[in-house]
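Visitor: Any chance you could fold what I've pasted below:
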Amino acid sequence: MKRLFSTVVFLATTLAGMAQMTPEEKLNMTLYAVINLYVDSVDKSKFVDYHISNMMKSLDPFSEYLAPESAKQGEMLFGDNIPQSEGKTQTLQHKTDAKTNAPYCVNAAYMADNTTGYISLSMFGQSSADEVRESIRELKKQGMKSLIIDLQQNGGGLVDKAVEIADEFLSKDLTVFTARGKNVPEKVFKTSRKGMFERGRLSVLIGSGTKSAAELFAAALKDHDRALITGTRSFGKGLIQETLPFADGSALRITVARYFTPKGVCIQKPYIPEQKADWGVKPDIEVAPDTLHRSSMWYNIITFSGVQTLIARTYAQEHETELRQKYTTEEDFIRHFDSLSLFNKVLAKSDELGYERSDDDMAKCKDYVVLQLKALVGRHLYGNNCFFRVMNERNNALRQALASQTEK
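Guide: Below is the predicted model:
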């Protein structure tokens with residue numbers, strides 16, 4: 001007892017005499033006191049994990065403590081995780097490469113009109129640059145003079161691939177973006193060669209689902225006056241994380257730098273209430289998305305449970321032969337196929353599952369679900385291009401971009 005009292009007195013005296021101690025010393029002394037002097041036993045592992053987690057959360061929205069089961073090692077300093085899925089419906093599915101099982105990054109590439117190509121890019125993945133180049137080659141063969149790139153649901157990915165794709169539209173030796181942080185060397189990402197489409201009208205579609213590397217790509221084209229940006233403000237993710245692993249399998253994922261556009265703007269949305277800053281990428285032409293269907297509770301329920309996908313897939317599989325005989329081309333299908341009868345099947349399935357709906361629900365989403373069912377059947381018959389051609393009838397940003405392309 002006397003020894004314990006002496007230890008406490010010594011520690012108290014030491015603390016009192018260290019008025020000028022550094023914050024690091026103060027933190028270490030506090031940890032020592034809790035572990036060695038607290039009245040009850042303390043589970044050191046849980047205590048440390050809990051407080052490290054809270055410490056990281058206090059920094060910014062993306063710094064975090066990763067427990068052993070969720071820690072990911074080997075992430076690039078100047079890169080982001082590739083999102084496995086984006087969007088709130090089950091209708092946008094990625095094709096996969098049979099050899100690598102990796103998702104294709106170009107969801108669709110087709111001629112939106114006689115001279116305008118359309119490319120929907122879902123992520124900046126390992127194969128994305130090659131896919132975009134191949135799409136541009138094919139569209140040029142079909143007479144493409146102008147191009148629209150749809151990034152409205154692009155959640156980001158590998159920033160080096162964003163640079164590689166930007167290089168196809170920008171002149172050589174232009175800054176695409178810069179990474180800067182207090183404790184890491186500045187890194188400038190630049191174009192390095194002649195691109196495939198440095199001339200010709202270019203539009204980029206963005207929205208709240210456009211994140212990180214996709215925002216930087218759009219900002220680079222905007223800052224260099226290379227593309228007309230259409231849609232709504234992007235997500236606003238402009239921080240760079242590095243993962244620091246511990247021996248027990250846990251890790252710190254800590255923000256080490258910020259991304260800056262060619263004009264020196266950080267796109268990060270403020271995460272401190274007092275901060276006032278411009279953030280994200282603002283479009284040149286503001287176009288609100290068509291989202292009325294999302295306000296329908298019934299629509300969200302049937303989408304979450306996959307009712308539309310089930311009905312459309314079952315119908316397309318059971319009637320594929322007669323559908324191909326009746327609609328001999330993709331164009332013929334798009335012009336003439338009527339999916340209203342499938343909507344009635346959705347209603348019947350919904351009733352069978354006990355999903356309640358109101359007249360207001362129907363008013364908000366019926367037309368959209370009918371279109372969605374047509375697109376799903378079309379994808380079964382003709383692939384992703386058909387799906388996007390149908391669904392893009394409700395793509396307000398695309399319609400505006402097409403109108404802008406034709407303006408003198």
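Visitor: Pull up the per-residue confidence for L121.
Guide: pLDDT for L121: 98.
Visitor: Contacts only, for it.
Guide: C105, V106, N107, S128, V132, I149, D150, L151, N154, I165, A214 (CB atoms under 8 Å, 6 or more residues apart in numbering). (Each C-beta comes from the backbone N, C-alpha and C, glycine too.)
Visitor: same check, this time on D360
Guide: Taking CB under 8 Å, 6+ apart, one finds S296 in contact with D360.
Visitor: try G117
Guide: Per CB under 8 Å, 6+ apart, neighbours of G117: A109, Y110, M111, S135, I136, L139, K140, Q142, M144, S146, L147, I148.
Visitor: Narrow those residues to those in strands?
Guide: Using DSSP state E, the subset of these located in strands is A109, Y110, M111, S146, L147, I148.
Visitor: Among these, name the buried ones.
Guide: Among the ones in strands among the contacts of G117, those buried by neighbour count (16 or more other CB atoms under 10 Å) are A109, Y110, M111, S146, L147, I148.
Visitor: now the helices for the stretch 301-408 of the chain?
Guide: 307-318, 320-326, 330-336, 340-353, 359-382, 384-391, 396-406 (DSSP state H, counting those that start in this stretch).
Visitor: Quick one: closest of these to W298.
Guide: Closest to W298 of these is helix 359-382 (CB to CB; 4.0 Å).
Visitor: Helices of the stretch 1-150 of the chain, start to end?
Guide: Using DSSP H, counting those that start in this stretch, helices in the stretch 1-150 of the chain cover 2-16, 23-37, 44-57, 128-141.
Visitor: most neighbours per residue, which of the ones you listed?
Guide: helix 128-141 (a mean of 17; mean count of other CB atoms under 10 Å).
Visitor: From the rest of the structure, what touches that one?
Guide: 104-106, 109-111, 117, 119, 121, 144, 147, 157-158, 161, 164-165, 168, 196-197.
Visitor: What of stretch 161-174?
Guide: With CB under 8 Å, 6+ apart as the criterion, stretch 161-174 contacts 121, 124-126, 128-129, 132-133, 136, 176-177, 189-198, 202, 213-214, 216-217, 220-221, 224, 226-227, 262.
Visitor: Output the helices of the stretch 301-408 of the chain in TSV; the columns should cover mean pLDDT and distance to D60.
Guide: Below are these laid out as TSV (pLDDT from 0 to 100; distance: least, CB to CB, whole Å):
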stretch	mean pLDDT	distance to D60
helix 307-318	97	37
helix 320-326	96	51
helix 330-336	97	46
helix 340-353	96	42
helix 359-382	96	37
helix 384-391	98	35
helix 396-406	91	30
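Visitor: so of those, which one's packed in deepest?
Guide: With neighbours taken as mean count of other CB under 10 Å, the helices of the stretch 301-408 of the chain reach their highest mean count in helix 384-391, at a mean of 22.
Visitor: and it, what other elements does it pack with?
Guide: strand 106-111, helix 330-336, helix 359-382 (3 or more CB pairs under 8 Å, 6 or more residues apart in numbering; DSSP states H and E).
Visitor: how about the residue lying closest to M123 once chain neighbours are set aside, phi and psi?
Guide: Distances taken as CB to CB, 6 or more residues apart in numbering place G157 nearest to M123, at 4.5 Å, with adjacent residues excluded. Main-chain dihedrals, G157, degrees, to the nearest 10: phi 130, psi -140.
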